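**Student:** need coordinates for the below:
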Amino acid sequence: MLRDSDRDRYLACLLSPEEKRGALAALYAFNAELARVRDLVHEPLPGEVRLQYWHDLLEGSAHGSTAANPVASALLAAIETHRLPRKTLIDMIEARTFDLYDDPMETRLSLEGYAGETASALIQLASLVLSPEEAARSADAAGHAGVAQAVAGLLLLMPLHRRRGQVYIPLQILSATGLDRDTFLAGDDRPRISAAIEAFAGLGREHLAKARAAGPIAAAVFPAFLPTVLAEPVLVKAQKRGASLFDHPLQPPQWRRQLRMGLAAARRKI
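**Tutor:** Model prediction:
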């Protein structure tokens, strides 16, 4: 399931110690399940029902047999084995409620909070699986790396989000470039849209620089950061392309992403 839904994190699993792969795959598959809820529903309410299933599972009131859902079963096993904080996982679920609606992201702080409870939390949880002792030391890097990764992911999905009427670029940034939600979605003012996209990608690069400045990441937890190395090419390309990203995909080919992750695993640098 993970290989089909999130090929990059699937590869990150393969580049991790063998005895940790099952728990990491469970975490990443859980994240993929949350991320795709909006793709599976046409109205917010069914999406909230799907998210509530995971919420109830983590609170110990699952509906039906957990064994019938291999991701749920593997997730609970990972939580038990590695003493993962359920509150962090529940916060991930609640943050994803935003995806079900078309409300705009209001401020930069709102975006950073959303990224912190999703992408950053996932890096930190994976670090706990890999090495509880080293995870705390990399928490600052995980926080910033997650925001950079989230911004890159939102840039990749921006054409889809725009068709749906979703805007993840904070209104604070849109306003600074002379736009609002409606003018951004209309897509007519290409120069200002390009400026907004450039500023948004710049925010991601700012957090990536802070993640690197947080100090070296211990070898034991580095596999948790591997997907982050794919963010920079997307952020750089988005700053150059601006509004044309709606017409030309930003995603590098699979072979290039795999090569970048393999080199990062050898060099241990994000």
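**Student:** please make it C-alpha for all contacts and neighbour counts, starting now.
**Tutor:** Noted.
**Student:** I'd say residue 1 and residue 29 touch.
**Tutor:** Yes: contact between residue 1 and residue 29 holds when scored by CA atoms under 8 Å: they sit 7.1 Å apart.
**Student:** what about residue 263, which helix or strand?
**Tutor:** Element membership for residue 263 (DSSP states H and E) is helix 254-267.
**Student:** what is that helix packed up against?
**Tutor:** Contact partners of helix 254-267 among helices and strands, from 3 or more CA pairs under 8 Å, 6 or more residues apart in numbering; DSSP states H and E: helix 7-14.
**Student:** in the helix it packs on, what counts as buried?
**Tutor:** Residues 8-13 are the ones in helix 7-14 that count as buried (16 or more other CA atoms under 10 Å).
**Student:** ok, now stretch 258-270?
**Tutor:** Those would be 258, 261-262, 264-265, 268-270, for stretch 258-270 by 16+ other CA under 10 Å.
**Student:** when residue 1 and residue 29 are compared, which one has more neighbours?
**Tutor:** residue 29 (24 against 13; other CA atoms under 10 Å).
**Student:** so who does the residue lying closest to the more buried one once chain neighbours are set aside touch?
**Tutor:** Of all residues not flanking residue 29 in the chain, residue 2 sits nearest, at 5.3 Å (CA to CA, 6 or more residues apart in numbering). Shown in contact with residue 2 (CA atoms under 8 Å, 6 or more residues apart in numbering): 9-10, 25, 28-29, 32.
**Student:** relative to residue 154, which of these is nearest.
**Tutor:** Set against residue 154, the nearest of the contacts of residue 2 by CA to CA is residue 32 (14.5 Å).
**Student:** which residues in the stretch 1-150 of the chain form helices?
**Tutor:** Counting by DSSP state H, counting those that start in this stretch, the stretch 1-150 of the chain has these helices, from start to end: 2-5, 7-14, 21-35, 37-40, 44-58, 70-82, 86-95, 108-115, 121-130, 132-135, 139-156.
**Student:** out of these, the one nearest residue 225 is which?
**Tutor:** When these are compared for distance to residue 225 using CA to CA, the nearest one is helix 121-130, at 6.4 Å.
**Student:** which one of the buried residues of helix 7-14 is nearest residue 235?
**Tutor:** Within the buried residues of helix 7-14, the smallest distance to residue 235 is 16.8 Å, found for residue 8 (CA to CA).
**Student:** excluding sequence neighbours, find me the nearest residue to the closest one.
**Tutor:** Using CA to CA, 6+ apart, the nearest residue to residue 8 is residue 227, at 6.5 Å.
**Student:** in this structure, which residue is closest to the centre?
**Tutor:** Nearest residue to the geometric centre of the chain (CA atoms, centre = their mean): residue 119, 3.8 Å.
**Student:** from residue 163, how far off is it?
**Tutor:** From residue 119 across to residue 163, the span is 23 Å (CA to CA, to the nearest Å).
**Student:** could you do residue 150 as well?
**Tutor:** 19 Å.
**Student:** looking at the two, which has the bigger crowd around it?
**Tutor:** Taking other CA under 10 Å, residue 150 and residue 163 do not tie; residue 150 has more neighbours (23 against 11).
**Student:** mind checking pLDDT for the more buried one?
**Tutor:** pLDDT for residue 150: 98.
**Student:** pull the contacting residues for it.
**Tutor:** With contact set as CA under 8 Å, 6+ apart, residue 150 has these partners: 115, 119, 204.
**Student:** how many residues are close by the last one?
**Tutor:** Right, the one you point to is residue 204. Residue 204: 28 neighbours (other CA under 10 Å).
**Student:** quick one: low-confidence ranges for the stretch 1-150 of the chain?
**Tutor:** 62-67 (pLDDT under 70).
**Student:** was I right about residue 141 contacting residue 209?
**Tutor:** No: counting by CA under 8 Å, residue 141 sits too far from residue 209 to count as a contact (9.7 Å).
**Student:** those two: which has the busier surroundings?
**Tutor:** Neighbours were counted for residue 141 and for residue 209 using other CA under 10 Å; residue 141 has more, 24 against 17.
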